[in-house]
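[1] Kindly generate the corresponding structure for this input.
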Amino acid sequence: MTETLKSPIGNPAFRTLFLAQICSLLAIGLMTVAMSLAAYRIGGAAAAGQILGFLLAVKMVAYVFLAPMAETLLAGRPRKPVMVGLDLARMLLLLPMAFATETWQIAALAFLFFGVSSGFTPVFQSVIPDIFPDEGLYSRALVWSRIAYTLESILSPVIAAVALQLISAQFLFWLAALAFVGSVAALLATRFPATPKANGKGPFMKRALKGLRIYRKTPRLRGLFLLNLALSLSMAWVLVNSVVLAGNWLGDSEYYYPKLMAFYGLGAALGAIFVPRLIAALGERRVMLAGALIHAALGPLIALPLGLAGYFALWSCLGIAASLVLTPGGLVIARSAVSADRAALFAAQFSLSHAGWMLAYPLAGQLAARAGLAPALIMLSVLTVLVAAIAARVWPAGDPAALEHDHPELPEDHPHLRDAPASGLRHRHSHTYHIDDLHTEWPGAQRA
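    Here you go, the predicted structure:
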């Protein structure tokens, strides 16, 4: 392997896809800023929070319930025109948002926008492992993907702040639409791998729920869900209450909040960089468990008189810990399904992870309002530890890719038994195990 190809960015297809991801994320970030300002414009100081909370709830509902169905409708279709079409649809939905004057108008357009996004993201995520069949390169590609999220969290507010010096707030929606033009251009320049043939047999709802069924029956995926949920409980406090801490404790939310989140983003980028080496040494399970527990252990430090430098350092460490949990998820998904089922599984992950955030966001806000900032984070950190402990039990420490299992239901000449030779009357054999039409239960699940 050449030195260039040791980095995923040396692959032309990934390079343009990475650019498309940055443009797409930047568009969503600018749209979120514009939506927040629209909520303030429509509701004023008294009702802006309620309106924005409602709009974010609309976003979560779209993500949680539409992702599996959107993936099923798009399964087997050429991914390049699908992704370009979805980007164009999102771009067109942003244009009328600039003229919305009622909450219901923005809510309707936002629901359609995030519904389209729920179809785009899993398809995008399913392309990367097909570009990099090598697990090491794919692991490093996930780092770049996580860095793209970090760049968005830092760049979106900065670009919005600069743009607001030149244009009215409502026209940020159009600036977001312009970012989608960049995403479309990058996608058109990308040479996509062949689209896996989809299994279109069976009723629509059965196919729509296929990814969720694989998720439910695969122990490592159940552990992945629980670890994401564990992190979301304490991380939601950071995302919801950092602005409150900046205003109430540091004295100036507009000045200190962006700086806190910048340090958090820099920590997240730094953590992501180290993930491939940590996975190579420890495996995904240990790295993700460590990240959740470190994030929880850092939470009680909020009760100490840290000073400004201490808060910046704490937020950086929280960002590092979050990346240890979030970055390896794609690798766990990719090795838990055959190529044809990956998009369905990424859709399930997309839906389930946002379901966790749908619980964590209001919980973080309510606890902070009722118990105070520090007690809320301490309580959420304890919950993070408890859920992570359950995840450690659900996801076995010994988790080999290949498993021995029987196929007494298959005839001797079945193609699957030729692909992986079997022995005995029960056709016992071993191979990389995924839940699919021939493997409907995890070996030993009935005995567990």
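[2] measure the nearest residue to Ser7 once chain neighbours are set aside to Gly10 for me?
    Among residues not flanking Ser7 along the chain, Arg140 sits closest, at 6.8 Å (Cβ to Cβ, 6 or more residues apart in numbering). In short, each C-beta sits where N, CA and C put it, glycine included. For Arg140, the distance to Gly10 (Cβ to Cβ, to the nearest Å) stands at 10 Å.
[3] and the residue nearest to Ser7, backbone torsions?
    phi -70, psi -30 (degrees, to the nearest 10).
[4] which residues touch it?
    7-8, 276 (Cβ atoms under 8 Å, 6 or more residues apart in numbering).
[5] And Leu73, by the same measure?
    Gly119.
[6] wait, doesn't Arg213 sit right on Asp436?
    No - the pair Arg213 and Asp436 fails to qualify as a contact (Cβ atoms under 8 Å) at a distance of 10.1 Å.
[7] residue boundaries of the strands in the protein?
    402-405, 429-432 (DSSP state E).
[8] can you pull the buried residues of stretch 236-250?
    236-246 (16 or more other Cβ atoms under 10 Å).
[9] Ignore what I typed, I meant stretch 74-87.
    Under 16+ other Cβ under 10 Å, the buried positions of stretch 74-87 are 74-75, 79-80, 82-87.
[10] Which of the residues you listed fall in helices?
    74, 79-80, 82-87 (DSSP state H).
[11] which one among those residues gets closest to Ser423?
    Arg79 (39.7 Å; Cβ to Cβ).
[12] Pull up the gap between that closest one and Ala20, please.
    Distance from Arg79 to Ala20, by Cβ to Cβ: 12 Å.
[13] Same question for Met35.
    22 Å.
[14] Please apply the same query to Leu278.
    With Cβ to Cβ as the criterion, Leu278 and Ala20 are 28 Å apart.
[15] repeat for Ala420
    Ala420 is 38 Å from Ala20, by Cβ to Cβ.
[16] Over to Leu326?
    Taking Cβ to Cβ, one finds Leu326 at 20 Å from Ala20.
[17] Glu409: neighbour count?
    9 (other Cβ atoms under 10 Å).
[18] Leu209 now?
    18.
[19] wait, what's in contact with it?
    Pro68.
[20] Let's see the pLDDT reported for it.
    Reading off the confidence values, Leu209 has pLDDT 74.
[21] where in the stretch 201-350 of the chain is pLDDT low?
    201-208, 253-254, 258 (pLDDT under 70).
[22] about what we covered before: may I see the strands of the chain organised as a markdown table, with mean pLDDT and mean neighbour count added?
    Below are the strands of the chain laid out as a markdown table (pLDDT from 0 to 100; neighbours: other Cβ atoms under 10 Å):
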| stretch | mean pLDDT | mean neighbour count |
| --- | --- | --- |
| strand 402-405 | 86 | 14 |
| strand 429-432 | 87 | 15 |
